[in-house]
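*Asks:* Need coordinates for the below:
(chains A and B)
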Amino acid sequence: MSKLCSMAEAIDRWVADDASLVMGCGLESAIPFAAGHELIRQGRRGLTLIGPISDMLFDLLVGSGCVRKVIAAWVGNVGDGLGHSFRRAVEEGVPQRVEVEDHSNLTLALGLQAAAWGVPYLPTLTALGSSLLTANPHLRPITCPFTGQSLVAVEAIHPDVAIVHAQRADAEGNTHLWGNLGVTVEAVRAARQVIVSCEEVVSPDVIRSDPNRTLIPGFLVAAVVAEPWGAHPSPLQGYARRDDAFYVDYHTHSRSRAGFETWLRTWVLDVRDRREYLARLGASRLRHLQVTRAVPAAPVDYGWS
Amino acid sequence: MEARAPSPSVRTIMVVAAAREIRDEELVFVGMRLPLLAFAVAKALHAPRAIGLFENGIVRDAPPLAPLVTMGDPPNIAGAVACTGLLDVMGLLQQGRVDLGLLGAAEVDRFGNLNTTWAGGARLPGSGGACDIAALSRRFIVLMAHERRRFPRRVAFLTSPGHGEGGDWRRRMGLRGGGPARVITTLGVLSVEEASGELVLTAVHLGVSVEQVRRETGWELRVAPAVAETPPPTPEELAVIRRFDPERRWTGPQPAVGGRAKPSEPRPPW
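*Replies:* Numbers count the residues shown, from 1 in each chain, chains lettered A, B, ... in the order given. Below you'll find the model as predicted:
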């Protein structure tokens, strides 16, 4: 059954107000920015955002007023520093107050893994002695029943929806991705629904030619969106370089609320869809960002007779 | 007569000082920003067999193929030994296999505890992987700006554990990793005294006085009997930094350390 649809349809159908979303699962690469922009255009409210390091995506969604709560290890702009919108929301309640559940990268990943494994929590040795333990009620000190040592229990994190951008998928959502994986594998299993956006929709034969690379089996996936450049300005191995200047521009604009609003109109609200966004970026900028020198992997052989 | 080269920026001195802490064949957990550059310098020069682990899942035993802004940039992935996930590399960290972690921070206190969450009413980005690296690596090194407001007696929010309240605090908390080894700042190098867990000034950078460091520290800083001068970068080290930071985004005169970077405006290439 084909699950192909447009980004607007995927967000409309699968992401409700007040939903919890895990995004930015690869950390600094493959961030589903196209999906984030569509959430803003459709005016989602009350979202809970879950992710280790979302680069500027979470800052953008917070500034757009879509977010009630952030469950993350880090929110800012990786190349350029603090997240100005995140700060305004947390410190001043502008445009609205946002609640933060502070994790470390490891505790966030373990929360997702616990959900992915169907257990209520997982133990870890990180965060002992840190203020994260007192600030976040979902991290609790426990004693190991076998050795008696101090451990931290990380409660399972169950997102309503995982949104992932990948290199290629078939129409049923069987997805190939490569490069650094971050928490992608855990997140798509922890979530109740998965939306995959991808550079290319390929035939099932392509997917089945390399099953080790199928990190998201299609039965977990609710919607597949063909969205070239869907991760811009973040990089995607084999397809797109990182648009560093775009992050700097956002960072500079978002220093003030007025600057943020101008940026938001220019790149999100006054843009109908990804096609229009790409036109606004311009052909020469995209040419510069496009990966043109292929570095293919050696083929692997799944021969069996 | 020898021509005098322009004196290196303070960030260059810091990156080189951090790179020299990486020993050959070590397993190193590399944090974002300046640590990325320090790892590249060490790999290209004195630690060719060191292996870098990156929290996004990359395992790399060669310098990146081109300059990086983030660890997820494509030249850090192409040619890697392995690309896996966060739990996989952090599992190695939790097992106690990682020799050294490299971190940035916004605030540090007398016992090397780090804060990257809340400082003076300002909401900072948060832990990222810093808490994990501080808790679990065999030793870790911090790179940060040396200003009085960033060096409180006690951090208001303990994001990443150093030696807590000093002494055997880490053992009492059940923390396995060895804790901070050094804090490399814009003014000098602080090392950890083993028994007390307290930071002690052991080196100052070229042109910095001990008095200046004391003034920029929010507690009565202990000073080693003999304070060295941080050895200046060698021409080889400078050449590698130029190769991996050609636009001087990280090592230019503008600060780009720890929690707060001030980006230089790159000229768009299109």
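*Asks:* any residue of the helix of greatest length in chain A up close to chain B?
*Replies:* Criterion DSSP state H: the longest helix present in chain A is helix A:105-117. Yes: with C-beta under 8 Å from any C-beta of the partner chain as the measure, helix A:105-117 is seen reaching chain B through A:Asn105, A:Leu106, A:Ala109, A:Leu110, A:Gln113. In short, each C-beta sits where N, CA and C put it, glycine included.
*Asks:* who does that helix touch, helix- and strand-wise?
*Replies:* Secondary-structure packing of helix A:105-117 (3 or more C-beta pairs under 8 Å, 6 or more residues apart in numbering or on different chains; DSSP states H and E): strand A:47-53, strand A:67-74, strand A:121-124, strand A:150-155, helix A:184-190, helix B:86-94, helix B:130-136.
*Asks:* For it, could you pull out the residues that count as buried?
*Replies:* A:Asn105, A:Leu106, A:Thr107, A:Leu108, A:Ala109, A:Leu110, A:Gly111, A:Leu112, A:Gln113, A:Ala114, A:Ala115, A:Ala116 (16 or more other C-beta atoms under 10 Å in any protein chain shown).
*Asks:* Touching, the second one and A:Thr126? I think so.
*Replies:* Yes: under the criterion of C-beta atoms under 8 Å, A:Leu106 lies in contact with A:Thr126, with a separation of 4.8 Å.
*Asks:* what's the span of stretch A:95-114, first residue to last?
*Replies:* From its first residue to its last, stretch A:95-114 covers 33 Å (C-alpha to C-alpha, to the nearest Å).
*Asks:* which bits of the stretch 101-250 of chain B sit near chain A?
*Replies:* So far as C-beta under 8 Å from any C-beta goes, the stretch 101-250 of chain B lies against chain A at B:117, B:121-132, B:135-136, B:157-161, B:164, B:169-170, B:173-176.
*Asks:* Mind checking which of the residues you listed are in strands?
*Replies:* B:Ala122, B:Arg123 (DSSP state E).
*Asks:* Excluding chain neighbours, what is closest to residue 46?
*Replies:* In the absence of a named chain, this looks at chain A. Leaving out its chain neighbours, the residue that sits closest to A:Gly46 by C-beta to C-beta, 6 or more residues apart in numbering or on different chains is A:Asp18, at 4.0 Å.
*Asks:* that's the wrong chain, I meant chain B
*Replies:* B:Asp24 (6.6 Å).
*Asks:* wait, is that neighbour part of a helix?
*Replies:* No: applying DSSP: H, G, I helix; E, B strand; the rest coil, one finds B:Asp24 to be coil, outside a helix.
*Asks:* Need the pLDDT of it.
*Replies:* Residue-level confidence at B:Asp24 comes out at 97, pLDDT.
*Asks:* Might one say that it is in contact with B:Arg49?
*Replies:* Yes: counting by C-beta under 8 Å, B:Asp24 does reach B:Arg49; the two are 5.3 Å apart.
*Asks:* burial measure for the residue in the stretch 151-270 of chain B that chain A sits nearest to, as a count.
*Replies:* At 3.3 Å from chain A, B:Gly174 is the closest residue in the stretch 151-270 of chain B, using C-beta to the nearest C-beta. By the criterion of other C-beta atoms under 10 Å in any protein chain shown, B:Gly174 has 17 neighbours.
*Asks:* repeat for B:Gly120
*Replies:* With other C-beta under 10 Å as criterion, B:Gly120 counts 11.
*Asks:* Nearest residue to it in space, please, no chain neighbours.
*Replies:* Using C-beta to C-beta, 6+ apart and skipping the chain neighbours, the partner closest in space to B:Gly120 is B:Arg149 (6.6 Å).
*Asks:* Tell me if the one you found really is in a helix.
*Replies:* Yes: applying three-state DSSP, one finds B:Arg149 inside a helix.
*Asks:* What confidence value was assigned to residue 90?
*Replies:* If you meant another chain, say so; for now it's chain A. 97.
*Asks:* That was the other one, I meant chain B.
*Replies:* 98.
*Asks:* Surely it touches A:Asn105?
*Replies:* Yes: counting by C-beta under 8 Å, B:Met90 does reach A:Asn105; the two are 7.0 Å apart.
*Asks:* tell me, what's touching these two both at once?
*Replies:* Common neighbours of B:Met90 and A:Asn105, using C-beta atoms under 8 Å, 6 or more residues apart in numbering or on different chains, are B:Glu55, B:Gly129, B:Asp132.
*Asks:* Reformat the residues you listed into CSV and put pLDDT and neighbour count next to each item.
*Replies:* Formatted as CSV, these follow (pLDDT from 0 to 100; neighbours: other C-beta atoms under 10 Å in any protein chain shown):
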residue, pLDDT, neighbour count
B:Glu55, 96, 32
B:Gly129, 97, 32
B:Asp132, 98, 30
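*Asks:* if I look at A:Leu106 and A:Thr126, which residues touch both of them?
*Replies:* Here A:Leu106 and A:Thr126 share the contacting residues B:Met90, B:Gln94, B:Cys131, B:Asp132, scored by C-beta under 8 Å, 6+ apart.
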